[in-house]
Every structure is written in C-alpha cells, then in structure tokens.
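**Student:** Sequence first, then the predicted structure, then my questions.
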Amino acid sequence: MCKPNNYCYLCTNPAALAALLSFSSLFFFYQSRSLRRLRRLSSSPNRNPKILFASQTGTSEALARRLAALLRSSGFGVDLVHPQQYEPEDLQQETLVLIVASTWEDGKPPGNAAFLARWLSESAEDFRVGSLILSRCRFAVFGVGSGSYGQSFNAAARDFARWMRALGAVEMVPVCEGDVDSGDLDGVFESWSGRVLGLLKGGGGVGKDEKGLDVRAESDGFDELEEDDEDEEVVEPEDVDMEDIAGKAPSRRSSGVLTNGVLKNGENGVKEMVTPVIRTSLEKQMDYVTATRSWRMLQARILWDRESQVVEIEGPW
Ligand SMILES: Cc1cc2nc3c(=O)[nH]c(=O)nc-3n(C[C@H](O)[C@H](O)[C@H](O)COP(=O)(O)O)c2cc1C
C-alpha cells in the first residue's frame with residue numbers, strides 16, 4: 001500500500017502504474033528466457049555423438065568399436081568412449097549416445113561402467129534432477145548377455161535404457177538384446193547397428209530386424225534436436241523445498257573420484273550440497289517460477305481510492 005503525496009505521479013496515475021508493472025513483468029519474463037537460451041548455447045558446443053561401452057572381458061567393447069567404424073565410414077564423427085574416462089554430467093550436453101553394455105553378476109553392469117550406472121540410477125531417482133535433464137539427447141542401447149541367466153538376461157542394458165528415459169532422453173530404437181550363448185550375436189548386432197545408422201541418415205529402410213526383415217526408420221535421429229526451442233519446455237515443476245536440497249548423484253568433477261571402487265566426495269570427503277546437474281535443473285525450475293510470478297503480477301488488480309488518494313494492489317492471488 002502506498003500513501004502518496006500530490007507530487008507522486010505513479011500514485012496519482014494508476015494507468016501509469018499499471019503500465020510500469022506490466023512492462024517490468026514482461027521485462028523480467030523476457031530476460032529470464034534470454035538468459036536461459038544463452039546458458040544453453042554456451043554450454044552446448046558442437047559435440048560428436050558418443051559410443052559408450054560397458055564391458056568386462058571385451059565383447060561389448062569389440063562391438064562398440066565395430067559400431068564406431070560403421071558410423072565413421074558413413075561420414076559420422078563419433079567418439080568411442082571408455083565409461084571410466086567419461087564425466088556423466090556431460091550427458092546433459094550430448095545429443096546422441098549409443099551404449100553397448102554387457103551384464104554381469106546379479107544383473108549388474110561390468111565394473112568399468114559402475115560409476116556411470118550409479119550416476120544414472122541416482123539421478124533418475126532424484127526428483128530434483130527432474131525428467132528433462134537429458135531431453136536434448138537421443139540414445140539407443142545394445143545389450144550383450146546370456147539367455148542362460150534367465151531374469152537377469154541383459155538386465156544392465158535394460159537398466160541403462162530405463163534410466164536414460166527417466167532423465168528425459170529419447171530412445172531411438174528399443175533395447176536390442178544380444179545373446180552370446182544361443183543367439184546370433186553378430187547378426188543381431190549388425191541389424192541393430194544398421195537400423196541406428198538408418199535413423200541417423202534419416203533415410204529409413206536401412207538394416208534388418210532380428211528376423212531378417214527390412215526395417216524402416218520411423219523418424220530422423222537429429223531433426224527434432226535442431227528445432228528452435230521457442231515452443232519447448234512447458235515445464236510443470238514439482239515443488240522444491242530449498243531446505244531439503246542435498247546433492248545425491250555423484251560426479252567425478254563435483255564430488256570426487258572413484259578410488260578402488262570407493263567414491264570420495266570433495267576434498268575432505270564432504271558431500272557437495274548441490275551438484276551441477278541438480279543446480280541446472282533447479283535453475284530451469286526457477287526460470288519457470290520467475291515467469292509464473294511475472295504473469296501473476298500482470299494479473300494483479302490495481303485499486304485506486306479517489307477520496308483518500310490511496311493506491312492499493314490487490315493480488316496476485
Ligand atoms: C560370472 C558371470 C555372470 C554373468 N551374469 C550375466 C547376467 O546376469 N545376465 C546376462 O545376461 N549375462 C550374464 N553373463 C554373460 C556375460 O554378459 C557375457 O559373457 C558377455 O559376453 C560379457 O561381455 P563383456 O566381455 O563385454 O563384459 C555373465 C557372465 C559371467 C561370466
């Protein structure tokens with residue numbers, strides 16, 4: 001509430017006050033959008049698609065190398081990445097990730113991908129990370145396992161796909177499950193990689209499915225990623241209790257390194273409060289809150305009492 005004197009232009013002129021409020025709301029709304037765009041552009045330099053292999057005795061690694069050679073021979077620049085040399089937080093900047101993963105005891109991924117798996121599973125379960133963090137990313141997973149393990153046949157590959165989906169990544173083709181014991185692993189892999197290549201080329205019809213039938217691509221692997229993001233992100237964030245924030249998903253950069261399989265957090269072993277991934281997600285949600293507030297300010301009703309010369313702002317509700 002404001003008790004104006006005769007010289008206060010704004011108080012004696014509600015239309016001007018309303019215009020000022022509307023303008024400042026629109027300004028903040030525009031600014032938060034621009035900042036978000038700038039942040040996204042600066043954090044997404046041109047990156048090669050990644051081929052990650054989770055492998056213990058080399059089978060998946062060999063297949064991943066074959067996939068890399070196939071894509072390169074078709075003109076795609078790809079990075080073949082050892083998961084232990086990869087910072088999972090960089091997944092946010094990827095537009096395409098192909099994973100070849102084997103499964104080991106208890107349906108777990110092999111040791112070389114333990115850190116990546118932990119990061120993905122913890123992020124996928126952490127509501128603060130949200131389901132949009134990998135929304136720029138397309139992915140496909142090829143599993144290497146043995147059908148003799150029953151329920152846990154290719155469990156790790158299915159887990160990788162589930163976590164990626166939970167974080168908003170878009171699955172190009174369903175998980176393909178290779179069987180080293182009773183299946184035609186090479187043939188199945190060839191058909192899957194042909195299908196992936198076909199999708200990347202956007203031409204469709206490349207590759208054969210497990211039954212040897214031609215597979216047509218349903219959609220391009222890249223087109224939607226190139227779209228302007230004007231209409232993107234109608235985010236309905238969940239409420240975030242700021243006091244409840246404590247970093248959960250590990251990061252090699254922010255919260256330490258794997259030493260003999262043990263994750264050490266920070267310099268003194270102290271866990272970081274907010275990892276960069278959670279920070280990014282919270283910033284996205286704050287952008288939304290700012291925009292919502294600006295809109296609600298616009299909806300506030302401005303009441304002007306002629307007699308007392310009092311301007312009252314009712315709302316926002
Ligand atoms: C001890 C052991 C446990 C395994 N557990 C599973 C399993 O739970 N599920 C599965 O699908 N395959 C399982 N396998 C099969 C492996 O995934 C298979 O040998 C694969 O080729 C290993 O690939 P890599 O060399 O890329 O790690 C297991 C193999 C071994 C030796």
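**Tutor:** That came through fine.

**Student:** Need the phi and psi values for whichever residue of the chain sits closest to the ligand.
**Tutor:** As assessed by Cβ to the nearest ligand atom, the ligand sits closest to Gly145 within the chain, at 2.2 Å. C-betas here are computed from N, CA, C, even on glycine. The phi/psi pair for Gly145 (degrees, to the nearest 10) reads phi -160, psi -170.

**Student:** what's across from it in the sheet?
**Tutor:** Each beta-bridge partner of Gly145 is listed here: Asp179, as defined by DSSP bridges.

**Student:** Give me the pLDDT value at it.
**Tutor:** Confidence at Gly145, expressed as pLDDT, is 98.

**Student:** And for the one 3 residues further on?
**Tutor:** For Ser148, the model assigns a pLDDT of 96.

**Student:** what secondary structure does the closest residue to it other than its chain neighbours sit in?
**Tutor:** The spatially closest residue to Ser148, leaving aside those adjacent along the chain, is Asp181, at 5.6 Å (Cβ to Cβ, 6 or more residues apart in numbering). Secondary structure, DSSP: H, G, I helix; E, B strand; the rest coil: Asp181 is coil.

**Student:** my read: Asp181 touches Gly147, true?
**Tutor:** Yes. Using Cβ atoms under 8 Å, Asp181 is in contact with Gly147, at 6.1 Å.

**Student:** which one of these two has more residues nearby?
**Tutor:** Higher neighbour count among Asp181 and Gly147: Gly147, with 14 against 11, using other Cβ atoms under 10 Å.

**Student:** hang on, the earlier thing: need the pLDDT of the residue nearest to Ser148.
**Tutor:** With respect to pLDDT, Asp181 has a value of 96.

**Student:** contacting residues around it?
**Tutor:** Residues near Asp181 by Cβ atoms under 8 Å, 6 or more residues apart in numbering: Ser146, Gly147, Ser148.

**Student:** surely the first one meets Ser152?
**Tutor:** What it means is Ser146. No. Applying Cβ under 8 Å as the test, Ser146 and Ser152 come out as separate, 9.5 Å apart.

**Student:** Could you look up the next helix or strand downstream of the helix or strand hosting Ile99?
**Tutor:** Taking DSSP states H and E as the definition, one finds Ile99 inside strand 96-102. Per DSSP H and E, the first helix or strand lying C-terminal to strand 96-102 is helix 114-125.

**Student:** tilt between that following helix and strand 96-102?
**Tutor:** Here the directions of helix 114-125 and strand 96-102 differ by 120 degrees (axes from the mean of the first three to the mean of the last three Cα atoms, to 10 degrees).
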